[in-house]
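A.B. asks: how would this look folded up:
(one chain, ligands or ions: 2)
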Amino acid sequence: MKTEIFAVDGQKPDMSVIRRCADIIKNGGLVAFPTETVYGLGANGLDAEACKGIYEAKGRPSDNPLILHISELSELSDLAKDISEKAKLLISDFWPGPMTLIFKKKDIVPDAVTGGLDTVAVRFPENRVARLLIKESGVPIAAPSANTSGKPSPTRASHVEYDLGGRIDAIIDGGACEFGLESTIVDVSGEVPCLLRPGSVTVEELREAVGEVAIDKAVLGKLNEGERPKAPGMKYTHYSPNAEVTIVRGEGKVQKITELANSAVKDGKNVGILAVEENKALYEGFNVLFVGTISEPESIAANIFKMLRKCDYLGYDYVLAEGFEEKGIGLAIMNRLKKAAGYNIIEV
Ligand code: TXA
Ligand code: MG
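C.D. replies: Ligands and ions are numbered 1, 2, ... in the order given. Below is the predicted model of the structure:
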């Protein structure tokens, strides 16, 4: 299959491109498109066959359900039922934006989307290209992140092309994603809202909006044998570069990273270090990729997937990553990094 790539202006996209891609969606095809979080791989969310195509293109396990994307709030009630007062508070504070909510589903939502669950994940993105594409398609768009299953999520059209070129119909290139981490997922199908995946809308912000918010155990660390995360996708290894990744955290991290890097270089390994720009001068002589600045942690969120991908492109086989505090956006950054590292963390 030839994958068509259309570059558009993210603010003022060429409507003939949007219409052409909407036609592909309507006809059961697959189109990757930008959102403010990461690129999504879109299909008609009411067409079970089209959704199966998503699983095939990504190599995604079929029990991992998809998020349905809407372009107007009024479309929510077509898909979800029993929308609680707390859900409404979250909607009014954070939609459109980088947050996904889990509701009890209506019958119109196919099992191919929900993996057989009685709930459905819905997101109302802010990104203009995404919203226009959904609107022109006239259907909710099912879209997981547009990466090969297990690889870091794509924050640039080039990442999508690298993973899925030749396997999907089209890619709309609307530039780099603003936030760079997948949406915050909150389950609002029960009494107390529960955070299933941390993201750019932080748990602190959620609590300010609705009061009590529970945190699913899978958000913080590795689950034990037999435990299940509430978001099925949280159980899979994710975001992993080919390299072995180790996170080093705490006061003595620079010294420890230097020590480990030196000894790995001696063993003939191609070593990379993921560090913040403030520590630039401290790793002289090593391959360092800068993930952003600690003074502006949003910059780390926006860059982390790009840098994890870069580790592959540069052929690193051992990567040492500086760890961060798990508060604010740091919770989401560390959640992704820990998975990339297979929960391999050294505290010093
Ligand atoms: O930012 C995002 O959310 C991006 C963009 C494209 O919108 N999408 C995304 O989709 O990250 P994906 O498929 O990579 O991750 C969706 C997560 C998975 O962990 C999945 O298990 C969970 O959402 N999920 C979907 N439906 C669910 C449901 N009904 N109950 C619990 N978890 C659900
Ligand atoms: Mg994903």
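
A.B. asks: can you pull the contacts of the residue nearest to residue 65 when sequence neighbours are not counted?
C.D. replies: Closest residue in space to residue 65, ignoring its immediate chain neighbours: residue 115 at 4.1 Å, by CB to CB, 6 or more residues apart in numbering. Quick note: C-beta positions are derived from backbone N, CA and C, even for glycine. With contact set as CB atoms under 8 Å, 6 or more residues apart in numbering, residue 115 has these partners: 62-65, 232.

A.B. asks: check the gap between residue 115 and residue 104 for me.
C.D. replies: Residue 115 is 15 Å from residue 104, where distance means CB to CB, to the nearest Å.

A.B. asks: measure residue 325 to ligand 1 for me?
C.D. replies: The spacing between residue 325 and ligand 1, counted by CB to the nearest ligand atom, to the nearest Å, is 23 Å.

A.B. asks: what does residue 223 show for phi and psi?
C.D. replies: Backbone geometry at residue 223, expressed as degrees, to the nearest 10, gives phi -80, psi 160.

A.B. asks: please renumber so the chain begins at 653
C.D. replies: All right, first residue 653 from here; so that's residue 875.

A.B. asks: I'd guessed it sits against residue 881; true?
C.D. replies: Yes. Under the criterion of CB atoms under 8 Å, residue 875 makes contact with residue 881 at 6.4 Å.

A.B. asks: what's the neighbour count on the residue lying closest to residue 753 once chain neighbours are set aside?
C.D. replies: Nearest non-adjacent residue to residue 753, counting by CB to CB, 6+ apart: residue 840, 5.2 Å away. When neighbours are defined as other CB atoms under 10 Å, residue 840 has 26 of them.

A.B. asks: equivalent analysis for residue 818, please.
C.D. replies: Applying other CB under 10 Å, we find 9 residues neighbouring residue 818.

A.B. asks: end-to-end on stretch 877-887?
C.D. replies: Using CA to CA, to the nearest Å, one end of stretch 877-887 lies 11 Å from the other.

A.B. asks: neighbouring contacts of that stretch?
C.D. replies: Around stretch 877-887, the neighbours that count as contacts under CB under 8 Å, 6+ apart are 715-717, 767, 837, 839, 846, 848-849, 868-871, 875.

A.B. asks: got the buried residues for stretch 813-822?
C.D. replies: Burial within stretch 813-822, assessed by neighbour count using 16 or more other CB atoms under 10 Å, is assigned to 813-816, 819-822.

A.B. asks: distance from it to the middle of the chain?
C.D. replies: Relative to its parent chain, stretch 813-822 has a centroid offset of 18 Å by CA atoms, centre = their mean, to the nearest Å.

A.B. asks: in the chain, which residue sits closest to ligand 1?
C.D. replies: residue 885 (2.2 Å; CB to the nearest ligand atom).

A.B. asks: SS state for that residue?
C.D. replies: helix (DSSP: H, G, I helix; E, B strand; the rest coil).

A.B. asks: was I right to think residue 923 contacts residue 911?
C.D. replies: No. Judged on CB under 8 Å, residue 923 makes no contact with residue 911 at a distance of 11.9 Å.

A.B. asks: these two: which has the busier surroundings?
C.D. replies: Neighbours were counted for residue 923 and for residue 911 using other CB under 10 Å; residue 923 has more, 21 against 14.

A.B. asks: tally of neighbours for the residue lying closest to residue 836 once chain neighbours are set aside?
C.D. replies: Closest residue to residue 836 apart from its sequence neighbours, by CB to CB, 6+ apart: residue 851 at 3.4 Å. For residue 851, the neighbour count with other CB under 10 Å is 25.

A.B. asks: ditto for residue 842
C.D. replies: There are 14 residues near residue 842, going by other CB under 10 Å.

A.B. asks: confirm it sits in a helix?
C.D. replies: No. Applying three-state DSSP, one finds residue 842 to be coil, outside a helix.

A.B. asks: and it, its phi and psi?
C.D. replies: Torsion angles at residue 842 (phi, psi; degrees, to the nearest 10) stand at phi -110, psi -170.

A.B. asks: could you do residue 684 as well?
C.D. replies: According to degrees, to the nearest 10, residue 684 has phi -90, psi 140.

A.B. asks: which residues sit in contact with it?
C.D. replies: Residue 684 neighbours (CB under 8 Å, 6+ apart): 691-694, 798, 806, 809, 812, 816, 820, 822-824.

A.B. asks: could you work out the most separated pair of the residues you listed?
C.D. replies: Across those, no pair lies farther apart than 806 and 822, at 14.5 Å, counting by CB to CB.

A.B. asks: could you pull out the strands in the stretch 753-902 of the chain for me?
C.D. replies: With strands called from DSSP state E, counting those that start in this stretch, the stretch 753-902 of the chain shows them at 771-775, 793-794, 822-825, 836-839, 846-849, 866-867, 896-901.

A.B. asks: the second one packs against which elements?
C.D. replies: Applying 3 or more CB pairs under 8 Å, 6 or more residues apart in numbering; DSSP states H and E, one finds that strand 793-794 makes contact with strand 692-696, helix 700-710, strand 719-721.

A.B. asks: most tightly surrounded among these?
C.D. replies: strand 692-696 (a mean of 30; mean count of other CB atoms under 10 Å).

A.B. asks: longest single helix anywhere in the chain?
C.D. replies: The longest helix of the chain (DSSP state H) is helix 949-965.

A.B. asks: enumerate the residues of this protein near ligand 1.
C.D. replies: Residues of the chain found near ligand 1 (CB under 6 Å from any ligand atom) are 687, 689-690, 692, 716-719, 752, 754, 766, 769, 771-773, 775, 795-797, 834-835, 837, 848, 882-886.
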